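A.B. asks: need a structure here:
(chains A, B and C)
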Amino acid sequence: MSSPEGDYLHIVMPDQISVRRQQLGRLIIWGSACALFLVVILQSLDQVNFFSIGFENWRPTLYAYLLWAFCLCLGQVILYGEQGKRRLFILPAVLFVVSVVIFPLIFALGIAFSSWNLSSPDGRQFNGLDNVYQMWTDPFYWNAMKNMVYYTLVILLEYIVAFGLALLLNAQIRGRKFFRVVFLMPLMLSPVAVSWMIGKSMLEARFGPISRLARELGWDNPSFFGSPEMARAVIMIMDAWTFIPLMMIMILAGLQAIPKEMHEAAEVDGASPWKKFWEITFPLMLPVSITAILIRIIFKLKLADIIINVTSGGPGGATDSVTSFIFREYRDRSNVGYGTFLAIFYLIIIVIAMTVLIKLSDRWMKPRY
Amino acid sequence: MKVELYNHLVRNGLTRRSMLKGAASAGALAAMGGAIPSIASASSSIRAEIMKIPGVGMGSPGDAEWQKVGELCLGPVKERVKPGEFKGVELTFMGLNNQNLHNFLFRGFLKPWEAYTGAKINWIDLAQADYNPRLQQSIATKTVDFDIIEMGAPFEGDTAGQGLLNEMPDWVKDQIDYNDLVGYLQPPVGTWDGKAYRINIDGDCHTFCYRTDYFGSGSITGRANPPKTWQEVNQISKDVVGKTDPLTGLPAHGFLDPLKGWGGFGMYFLTDRAGPYVKHPDDPAFLFDVDTMKPRINNPGWVQAIQDVMDLIAIEGAYPADQINADPGTTGFQQFLAGTGSMLTWWGDIGSNARTSDSSVIGDVVGFNMIPGSDRVYNHNKGAWENTYNEAPNNAYLGWGVYVTNRVEGDSKKRQAAWSAAAHIGGKDLSLWTSAYPSGFQPYRNSHFNYDEWEAAGYDRAFVEDYLGSNLDTYNHPNSLNEPRIPGIFQYYSVAEDELAKGFAGQYGSAQETADAIAVAWEKITDSIGRDSQIALYKASMGL
Amino acid sequence: MKKQVFHDTQADLSFKPSWMFSRLLIYSVLIVWAFACLFPIYWTITTTFKAAPDVMKGNIVPWWDFTPKWLGLKSLGLSPNTIFVENTVREEFLKRFWNSTIIAVASSAIAVALGSCTAYGLSRFSYRFGFMRNSDISFFFLSQLILPPVVLALPFLVLYKELALLDTRIGLIALYTLTVLPIVIWIMRDQFGSIPVELEEAALVDGLSLWRAFVTIILPIALPGIIAAFIISLVLTWNEYFFAALLTSSHAKTLPVMVASQTGSQGIAWWSMAALSFAAILPLVVIGIILERFIIKGMAAGAVK
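C.D. replies: Purely as a prediction, here's the structure:
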């Protein structure tokens, strides 16, 4: 699993692993694996009523798995010594994630290719590619996909705002700590609270404080969710409001890590602030910017709570995000098979897009190092 | 009863006169011991006693009062259960947390019950939006983890239809006086294939609320009386465009249609409009054909209702700004109660809700009526309009009930305990209290409409008669709409909301196209649930 | 400081007006944004004390355009006249608050522990796991963040039922750990990447073991990053709603579900929704104020290479 070449941290450790120790290591790993296997077999047989031991649930299997996972980690150290200890760094997390995700994911794939309306007395039924055809002709889904493109594109604007704010916070200002704490606040509010307190109360068209402000500013009949464009923009703003702080602190963190000497050198050269920004700050901030944008994209792709609570995707689907549409299909209409398929399809698209993005950004940034 | 109504009654009803009168008649009651013929004497003194907890005018009752009422109403339980009989039994109760009522109320009522019987109850509180998905997922994945469930009748198809519920034992029927229910809650509601499952705790219906200052001589509509038909309603909505609201000084608006979905509940409001068009007195069905489950949603009656809404959308100013984003909650609580718009359909008593200064800005200018009728009705079986006046009020959601699940099957002690707890909440005397004090529940028994008891407790007679009377009219209307209790009914509603939202946003060419799209989606749902079983269950739910 | 000195020289005095102008601009932008951040929170707090008409009329300033009432806190049993009386709603609120605290803190802590180790491993050694190399393993973890919750909903319901983990804190903790682990790994990988390898090499030469060096030397240096990752995990797990509503019933229930319960067919209890929302953000705000400086530092380390 680990190969010495390519390690950033080179350690040369004499590892004398005796044959007995190796045997012990193998015994522990394989012994616990056998135990796990045995428990699984027993439970499965019990499940199909081959014989009855009286298991109430699958907890024994869980415990056996935990035991095996522990022994596997222990065995690594015994078997491979120093090499094993390195594996120990990532092994627990890998085992954890795989065990928590793998079964549900396989199950989800099964669901995705079946017709399963929870109200149906027939239960789940495999229906092959029917869900694919249905998705292909589902105007709601593609409309939501289209909206997601808009929602994602707007991240660039959010990024500019976040960058601007980070620059301000990084400037010589009084009360910097105050502003930093305050700017962080929106991130803490739960989406449910944001939807209700802002989306439904503050943006109420007649008496909400924002509408009143709008009226003061000369907009006679403010309407925030009346037209598709406006509704989408307002949703975007509300979502941006909560997540700009996250991008902002990442960028601010980056700004503060720029060595002071760089600026001083530039100052001595007599560079204008504008030039200084484009030639020093921005290029240096590129890696952190890309990280921030990627993380933001991931969060944006899950955008749902605000839409579900405030507009339910309206008017006429203009604000629907893929996730909010899937929620309606899945929760309100209990159309689990189709809903899961849509989600998995979405997942695949995201994974492909993210892979491409990450690879691209890697390549794009490499020459700069 | 809602908190607001209660506060209102307290504020307006509790004059010195009625207080004295109330005290006097309560005294008389006690002296005569059975002044109300229909009620046994022991019970009537309890009824008079609980109606004084905490006493009208003593503020909103809380946990202490709930427990006290629960304690006093334990009589019927004690007759059938020995103290400590259910020791060691643990029950799980799934219900709603709606503004910290519902399940919290039950907790208080059942605490004395727990103390007496020795059983213990665990609580699952759900937000209203999570209720349907949670229930469906529990059923489908066999993770039903509750013994007692608070549930609306529309879900009976999902539960009783799939054999999930436990049949009500006869002793429970005795204990709760099963036959006391108002007309529309009588079987087939609450029953399935002739077996009873439901202990009622609530009555539901939509009523029509209007602003009284929009009507009468010199009013901006120029009409003496509120509308009697939907045709008039639309006309008024058109007439008041450009006029000024007499109360707020802002633009006046007519009827408030929620144009956005509400997890399925929004569909009830289109049904309000469509009812008189599509519910022919000779035909119990109005959403689907009974024999084929073919949707009727795209018949001319329903299309007319959708068209009525679209007509108003087309007129600038007929609806307030942002109406396209208004769900029923918004129209009711953020528009109507805030003085925007003049007419509305809503459950029970939002109209009287409006009168209290705690929850609305419009004050005492609200009246309520039965839902309007129509000049003509579409006869689906004949395929033709009939030009006769038709009324069809909507008993939307059919009220909350308490059910026991089959998890108690096989454990007779647990079963008895579960039914005893459920029967306690749905008890005859206790329900009088829930309908008279803030609880989230409305009257649903004939015995609740005994105005003397209300008056004796200190309520203003005229107001009570007015308010209760209008509910009673709807409950007992011969042509009222009782929705089909088939599995997945909320799926149909939910998908209809999605398509309607598209239609209202102008993405379909016409009302007919919108309705056709809904019909297609409904057929799809029927097929995915299973047409034959849906037809069978539909018939079963109608008692055919 | 140096900058200041430059500006004070004679030659720079001519720049003063434009400098003043830029100061003005900076502060006005700062103040406007601060207002945009704080007003909704102010609105939430004041709404706790408003009756429905005050909310509907959009009244803003207490004692000036509305009279504050104890409605919000009273509905939770926390107002002065209800706080000493038995109250089911308060019990429920406290129980959920406690559950939320335990679940959010535990899952964040586990995620940070697991994630730090993983991130350290990924930043120091190269692994091969079948066809997967370091970057693939990183992406594997990251992809857990992308996973739409709907995909896992029903499978988890069934899995947890079989494992008897439904309605247990452990079950929820495991799931939340999974959801925040990727972001922890991301932050920590950058963090460790910025710590020079020479540090450990020196320690190892001194005879410390690998893990010992990690725990006693590297982790303390990476503390800001750990805190940053912890806080962000805390925010995400504290506010999680979807799985909480799905997987809990009577024992492990959390706060966000109660916030959503304040609306329904009986209208909107603005005051108690506001009170709950406020109670829900209060711990996060306090933590944010106390630990804010670590967040920036923690995110900073690996940012610029």
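A.B. asks: only C-alpha atoms for contact and neighbour calcs from this point on.
C.D. replies: Noted.
A.B. asks: quick one: contacts for B:Trp123?
C.D. replies: For B:Trp123, the contact set (C-alpha atoms under 8 Å, 6 or more residues apart in numbering or on different chains) comprises B:92-95, B:103, C:249-250.
A.B. asks: Within reach of chain A, which of the residues you listed are there?
C.D. replies: Taking C-alpha under 8 Å from any C-alpha of the partner chain as the test, chain A is in contact with none of those.
A.B. asks: Whichever of the residues you listed end up buried, select them in PyMOL.
C.D. replies: Restricted to buried positions by 16 or more other C-alpha atoms under 10 Å in any protein chain shown, the PyMOL selection for the contacts of B:Trp123 reads:
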select buried, (chain B and resi 92+93+94+95+103) or (chain C and resi 249+250)
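A.B. asks: Relative to C:Phe21, which of the contacts of B:Trp123 is nearest.
C.D. replies: C:Ser249 (58.5 Å; C-alpha to C-alpha).
A.B. asks: Which of the contacts of B:Trp123 fall within helices?
C.D. replies: Judged by DSSP state H, helices contain the following of the contacts of B:Trp123: B:Asn103.
A.B. asks: Can you tell me, leaving aside adjacent residues, what's nearest to whatever residue of the stretch 51-200 of chain B ends up closest to chain A?
C.D. replies: Per C-alpha to the nearest C-alpha, B:Pro133 is where the stretch 51-200 of chain B lies closest to chain A, at 5.0 Å. Spatial nearest neighbour of B:Pro133, chain neighbours left out: A:Arg331 (5.0 Å); criterion: C-alpha to C-alpha, 6 or more residues apart in numbering or on different chains.
A.B. asks: any idea whether that neighbour is helix, strand or coil?
C.D. replies: Counting by DSSP: H, G, I helix; E, B strand; the rest coil, the backbone at A:Arg331 sits in helix.
A.B. asks: tally of neighbours for it?
C.D. replies: Residues near A:Arg331, counting by other C-alpha atoms under 10 Å in any protein chain shown, number 24.
A.B. asks: any idea how far C:Gly267 is from it?
C.D. replies: Going from A:Arg331 to C:Gly267 by C-alpha to C-alpha, to the nearest Å gives 22 Å.
A.B. asks: for the helix or strand that contains the residue of the stretch 51-200 of chain B closest to chain A, packing partners?
C.D. replies: Taking DSSP states H and E as the definition, one finds B:Pro133 inside helix B:128-140. Contacts defined by 3 or more C-alpha pairs under 8 Å, 6 or more residues apart in numbering or on different chains; DSSP states H and E place helix B:128-140 against strand C:263-264.
A.B. asks: Does the strand it packs on reach chain B?
C.D. replies: Yes - using C-alpha under 8 Å from any C-alpha, we find that strand C:263-264 touches chain B at C:263-264.
A.B. asks: check contacts around B:Pro295.
C.D. replies: With contact taken as C-alpha under 8 Å, 6+ apart, B:Pro295 is in contact with B:287-289, B:519, B:522-523.
A.B. asks: In contact with B:Gly264, which residues are there?
C.D. replies: Listed by C-alpha under 8 Å, 6+ apart, the contact set of B:Gly264 reads A:332, B:490-495, B:497.
A.B. asks: what do you get if the cut-off is 10 Å, keeping everything else the same?
C.D. replies: By C-alpha atoms under 10 Å, 6 or more residues apart in numbering or on different chains, the contact set of B:Gly264 is A:332-333, B:129, B:132, B:489-498.
A.B. asks: Next, count neighbours for the residue nearest to B:Leu165 when sequence neighbours are not counted.
C.D. replies: Distances taken as C-alpha to C-alpha, 6+ apart place B:Thr405 nearest to B:Leu165, at 4.3 Å, with adjacent residues excluded. Around B:Thr405 there are 24 other residues, counting by other C-alpha under 10 Å.
A.B. asks: was I right about B:Thr405 contacting B:Leu164?
C.D. replies: Yes - B:Thr405 is within contact range of B:Leu164, at 5.9 Å (criterion: C-alpha atoms under 10 Å).
A.B. asks: Tell me the residues that contact both of those two, please.
C.D. replies: Both B:Thr405 and B:Leu164 are contacted by B:Val144, under the criterion C-alpha under 10 Å, 6+ apart.
A.B. asks: any idea which of the contacts of B:Gly264 is least confident?
C.D. replies: Ranked by pLDDT, the contacts of B:Gly264 bottom out at B:Ala129 (83).
A.B. asks: which stretches of the stretch 201-305 of chain C form helices?
C.D. replies: Counting by DSSP state H, counting those that start in this stretch, the stretch 201-305 of chain C has helices at residues C:210-213, C:219-221, C:223-238, C:242-247, C:255-260, C:270-300.
A.B. asks: Pipe these into JSON lines and attach mean pLDDT, mean neighbour count and distance to C:Val151 per row.
C.D. replies: Converted to JSON lines, those look like this (pLDDT from 0 to 100; neighbours: other C-alpha atoms under 10 Å in any protein chain shown; distance: least, C-alpha to C-alpha, whole Å):
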{"stretch": "helix C:210-213", "mean pLDDT": "86", "mean neighbour count": "16", "distance to C:Val151": "37"}
{"stretch": "helix C:219-221", "mean pLDDT": "87", "mean neighbour count": "15", "distance to C:Val151": "35"}
{"stretch": "helix C:223-238", "mean pLDDT": "89", "mean neighbour count": "24", "distance to C:Val151": "18"}
{"stretch": "helix C:242-247", "mean pLDDT": "88", "mean neighbour count": "20", "distance to C:Val151": "12"}
{"stretch": "helix C:255-260", "mean pLDDT": "86", "mean neighbour count": "25", "distance to C:Val151": "21"}
{"stretch": "helix C:270-300", "mean pLDDT": "82", "mean neighbour count": "22", "distance to C:Val151": "28"}
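A.B. asks: could you dump those to a markdown table with distance to B:Tyr116?
C.D. replies: Output for the helices of the stretch 201-305 of chain C, formatted as a markdown table (distance: least, C-alpha to C-alpha, whole Å):
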| stretch | distance to B:Tyr116 |
| --- | --- |
| helix C:210-213 | 60 |
| helix C:219-221 | 58 |
| helix C:223-238 | 39 |
| helix C:242-247 | 32 |
| helix C:255-260 | 30 |
| helix C:270-300 | 33 |
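A.B. asks: can you tell me which of these comes nearest to A:Met236?
C.D. replies: Per C-alpha to C-alpha, nearest to A:Met236 of the helices of the stretch 201-305 of chain C: helix C:223-238, 19.7 Å.
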